[in-house]
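Participant: Structure, please.
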Amino acid sequence: MNQRNPAISKGIDWSLAGIYVLLVGIGLTAIFAATYKEGDSVIQSFLKFRTDYSKQFYFFIIGTVIGFFILLTDSKFFSATANLGYVLGIFLLLMVFPFHSRIKGTESIIKLGSFNFQPAEFCKIFVALALAKYLSRQETDFSKSRSQLIAAGITLLPAVLAILQSETGLALVYFSFFIVMYREGLPSVILLVGFAIAALIVATIVIAPNSLAIILTIIAACIIYMLRRQIKRRHRILTSIIFLWLLCVGVQRFAVPYIFKNILQKHQVERIYDLFGKDNPYLKKGESETVEETKKKLESGSSYNVRQSKIAIGSGGIFGKGMLKATQTRYDFVPEQRTDFIFCTVGEGFGFTGSMVLLGLYLILLFRIVTVAERQRSTFSRCYAYGVAAVFFFHISN
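Facilitator: Down below sits the predicted model:
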């Protein structure tokens, strides 16, 4: 095949394609294990496009065909149409506001008959292409603040629109494109500041306010003690440390509570706290006193989903219960087990071993994408490949 089609085979990273096929196979197996009904013909259920695993199988075939045509397309086409695609993506996001359907707490879906279309998901491709296009321009000097702000704007505009559509989790995915900017010269201090702010927000959620303030004070005092000699020579260091301490305490005591109380919606705050196994401390008086609401929260919602997913994964043990022998995921104890919580099926059915194999394959996939990216002569191709890797990394880590 390589001799007959040298031009086509030369553009394929076969190890990357092999990992992709393996992951698709695991995904199909997991969906099949979670949704298969005993007595159904396996072959017919796969071919009739009625079950979730059948639809996924056909989507895989369609995706492979599309991928083949993309391989045959000149890469200059994607560079030339990147900005147009970005405009189309923003237009689709704006169309959500007048034509959206509220489905499972989100307002980011446009219903087209029996098909649900979510522009915020689709727009990630356009953002990756537009960002790659901008960073690859000869006139773009990414060492300048203006260029950095424009690149950030390309990335964050869809994120803002996604937040307005009650898709805070999906909006966070767009922040992964800052990894692309870092590869192309974004100062590391900006990335470190971003991670520090994220760590402070997480600490604010997990640790009690007074305890966190004491911890921040102890850290500041330790830094002052370790830098005492330098501080004697340069008093500005002490001023900077005190300023950063006040800033962190201010963010922890005032900024984060303000955002959770006045900007984010109630269900968004609850999802964030449920992720860390914490109760929402920003409920107004009387909201947490209703027995019916407490019972409803225990029996449904994101806290129930997270709790049941942990039970399902934990019950799998080291080697799992086996294919089609799981109980939590086979009998609907885990909501959305075929989509959002599909990893539970792997954890319960194939245990810790199967879970590690799956995560290992994803890590190899990321490594191969980055390796392929670094081999590209074109800045556009490299940036786009890093964009794909960044989105994958964000989803895998969450």
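Participant: Can you tell me the SS state at residue 170?
Facilitator: helix (DSSP: H, G, I helix; E, B strand; the rest coil).
Participant: How much space separates it from residue 354?
Facilitator: Residue 170 is 27 Å from residue 354, where distance means Cβ to Cβ, to the nearest Å. Using the backbone N, CA and C atoms, a C-beta is placed for each residue, glycine as well.
Participant: what's the answer for residue 398, then?
Facilitator: In this structure, residue 398 and residue 354 are separated by 20 Å, where distance is defined by Cβ to Cβ.
Participant: which of these two has more neighbours?
Facilitator: Neighbours around residue 398 and residue 354, counted as other Cβ atoms under 10 Å, are more numerous at residue 354. The numbers are 21 against 9.
Participant: Spit out the contact partners of the more buried one.
Facilitator: Under the criterion of Cβ atoms under 8 Å, 6 or more residues apart in numbering, the contact list for residue 354 reads 316, 319-320, 346-347.
Participant: Mind doing that once more with 7 Å?
Facilitator: Taking Cβ atoms under 7 Å, 6 or more residues apart in numbering, we find residue 354 in contact with 320, 346.
Participant: Where does it sit, in terms of helix or strand?
Facilitator: Secondary structure here is read from DSSP states H and E; on that basis residue 354 sits in helix 343-375.
Participant: repeat for residue 107
Facilitator: Secondary structure assigned from DSSP H and E places residue 107 in strand 106-112.
Participant: neighbouring strands for that strand, and are they parallel or not?
Facilitator: The strands beside strand 106-112 in its sheet (DSSP bridges) come out as strand 101-103 (antiparallel), strand 115-117 (antiparallel).
Participant: nearest to residue 77, of those?
Facilitator: Nearest of the strands paired with strand 106-112 to residue 77, taken as Cβ to Cβ: strand 115-117 at 24.1 Å.
Participant: Check which element follows that closest one along the chain.
Facilitator: Using DSSP H and E, the helix or strand that follows strand 115-117 towards the C-terminus is helix 119-135.
Participant: so after that following helix, what's the next helix or strand?
Facilitator: helix 145-164.
Participant: which helices and strands does that next one pack with?
Facilitator: Packed against helix 145-164 by the contact rule (3 or more Cβ pairs under 7 Å, 6 or more residues apart in numbering; DSSP states H and E) you find helix 75-99, helix 119-135, helix 168-173.
Participant: In TSV, list these along with mean neighbour count and mean pLDDT.
Facilitator: Output for those, formatted as TSV (neighbours: other Cβ atoms under 10 Å; pLDDT from 0 to 100):
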stretch	mean neighbour count	mean pLDDT
helix 75-99	15	91
helix 119-135	23	94
helix 168-173	18	84
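Participant: Make CSV from the ones you listed and add distance to residue 38 to it.
Facilitator: What follows is these, written out as CSV (distance: least, Cβ to Cβ, whole Å):
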stretch, distance to residue 38
helix 75-99, 40
helix 119-135, 33
helix 168-173, 34
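Participant: now for those, which one comes closest to residue 375?
Facilitator: Comparing the helices and strands packed on helix 145-164 by their distance to residue 375 (Cβ to Cβ), the top pick is helix 75-99, with 13.8 Å.
Participant: how many degrees apart are that closest one and helix 145-164 in direction?
Facilitator: An angle of 40 degrees separates the directions of helix 75-99 and helix 145-164 when computed by axes from the mean of the first three to the mean of the last three Cα atoms, to 10 degrees.
Participant: what sits up against helix 75-99?
Facilitator: Counting by Cβ under 7 Å, 6+ apart, the neighbours of helix 75-99 from elsewhere in the structure are 108, 110, 119-120, 122-123, 126-127, 129-130, 132-133, 157-158, 161, 165, 378, 380-381.
Participant: ditto for stretch 144-157
Facilitator: Residues external to stretch 144-157 that are found in contact with it (Cβ under 7 Å, 6+ apart): 90, 127, 130-131, 134-135, 140-142, 174, 177, 181, 186.
Participant: average pLDDT for it?
Facilitator: Stretch 144-157 carries an average pLDDT of 94.
Participant: Buried residues of that stretch, list them for me.
Facilitator: Within stretch 144-157, the residues that count as buried by 16 or more other Cβ atoms under 10 Å are 147-148, 150-152, 154-157.
Participant: from those, which is closest to residue 102?
Facilitator: Distances from residue 102 to those, taken as Cβ to Cβ, are shortest for residue 157 (23.4 Å).
Participant: measure that closest one to residue 120 for me?
Facilitator: For residue 157 relative to residue 120 (Cβ to Cβ), the value is 12 Å.
Participant: just residue 161 next, same as before
Facilitator: The gap separating residue 161 from residue 120 is 7 Å, by Cβ to Cβ.
Participant: Residue 53: which of the helices and strands packed on helix 145-164 is closest?
Facilitator: Between residue 53 and the helices and strands packed on helix 145-164, the tightest spacing by Cβ to Cβ is seen for helix 119-135, at 20.3 Å.
Participant: Can you give me the domain boundaries for this structure?
Facilitator: The record assigns the chain these domain ranges, following automatic domain parsing: 83-182, 191-264.
Participant: Any chance of JSON lines for the ones you listed, columns distance to residue 283?
Facilitator: Putting those into JSON lines (distance: least, Cβ to Cβ, whole Å) gives the following:
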{"stretch": "domain 83-182", "distance to residue 283": "17"}
{"stretch": "domain 191-264", "distance to residue 283": "10"}
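Participant: So which of those domains is nearest residue 66?
Facilitator: Nearest to residue 66 among the domains of the chain is domain 83-182; the distance by Cβ to Cβ comes to 11.7 Å.
Participant: Tell me, please, where in the stretch 151-300 of the chain the pLDDT is lower than the cut-off.
Facilitator: Within the stretch 151-300 of the chain, the set of residues satisfying pLDDT under 70 comprises 275, 277, 284-300.
Participant: What segments of it are helices?
Facilitator: Taking DSSP state H, counting those that start in this stretch as the criterion, the stretch 151-300 of the chain carries its helices at 168-173, 178-183, 188-206, 209-226, 228-233, 235-250, 256-258, 266-275, 291-299.
Participant: so who does the closest residue to residue 158 other than its chain neighbours touch?
Facilitator: Residue nearest to residue 158 in three dimensions, not counting chain neighbours: residue 123, with 5.0 Å by Cβ to Cβ, 6 or more residues apart in numbering. Residue 123 sits next to 89, 92-93, 158 when contact means Cβ under 7 Å, 6+ apart.
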